[in-house]
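In: Pasted the sequence and its predicted model underneath.
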Amino acid sequence: MEEIPFFDPITGEYRPMLEPVLTPETSTLIVETQFLVYQDTVVSWKSKGELDKTYN
């Protein structure tokens, strides 16, 4: 948390207000799709995904 100045219009004074500090985030989504093809026709398919998040 970080203190930032905030002007209160009711009291007319500046006072500190706590604000969260955000950190960078990297998200990687890997999707794999498999097809079963028989005589040039798709018979079935399945798909799976994986999400990886990294906080710096």
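Out: Ah, there it is. Numbering: from 1, shown residues only.
In: Got the confidence number for the closest residue to residue 42 other than its chain neighbours?
Out: What sits nearest to residue 42 in space, not counting adjacent residues and going by Cβ to Cβ, 6 or more residues apart in numbering, is residue 35, at 5.5 Å. (Glycine included, C-beta is placed from N, CA and C.) The per-residue pLDDT reported for residue 35 equals 97.
In: so how many other residues sit close to residue 35?
Out: Neighbourhood size, residue 35 [other Cβ atoms under 10 Å]: 10.
In: does the one residue sitting closest to the centre of the chain belong to a helix or a strand, and which?
Out: Closest residue to the average C-alpha location of the chain: residue 27 at 6.3 Å, with Cα atoms, centre = their mean. Using DSSP states H and E, residue 27 maps to strand 25-38.
In: Neighbouring strands of the helix or strand that that strand is followed by in the sheet, and parallel or not?
Out: Per DSSP H and E, the first helix or strand lying C-terminal to strand 25-38 is strand 41-55. Sheet pairing for strand 41-55, assigned by DSSP bridges, gives strand 25-38 (antiparallel).
In: Just the C-alpha atoms of the strand it pairs with, please, in CSV.
Out: Output of strand 25-38 as CSV, limited to C-alpha atoms (Å, rounded to 0.1, in the frame of the first residue of the first chain):
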residue,chain,number,x,y,z
GLU,A,25,1.6,-9.7,-14.5
THR,A,26,2.4,-11.9,-17.4
SER,A,27,-0.2,-14.4,-18.6
THR,A,28,0.5,-17.2,-21.1
LEU,A,29,-2.2,-19.4,-22.6
ILE,A,30,-1.3,-22.6,-24.4
VAL,A,31,-4.1,-24.4,-26.3
GLU,A,32,-3.5,-27.8,-27.9
THR,A,33,-6.1,-29.2,-30.3
GLN,A,34,-5.9,-32.8,-31.6
PHE,A,35,-8.0,-34.0,-34.6
LEU,A,36,-8.7,-37.6,-35.6
VAL,A,37,-9.0,-37.7,-39.3
TYR,A,38,-10.2,-40.8,-41.2
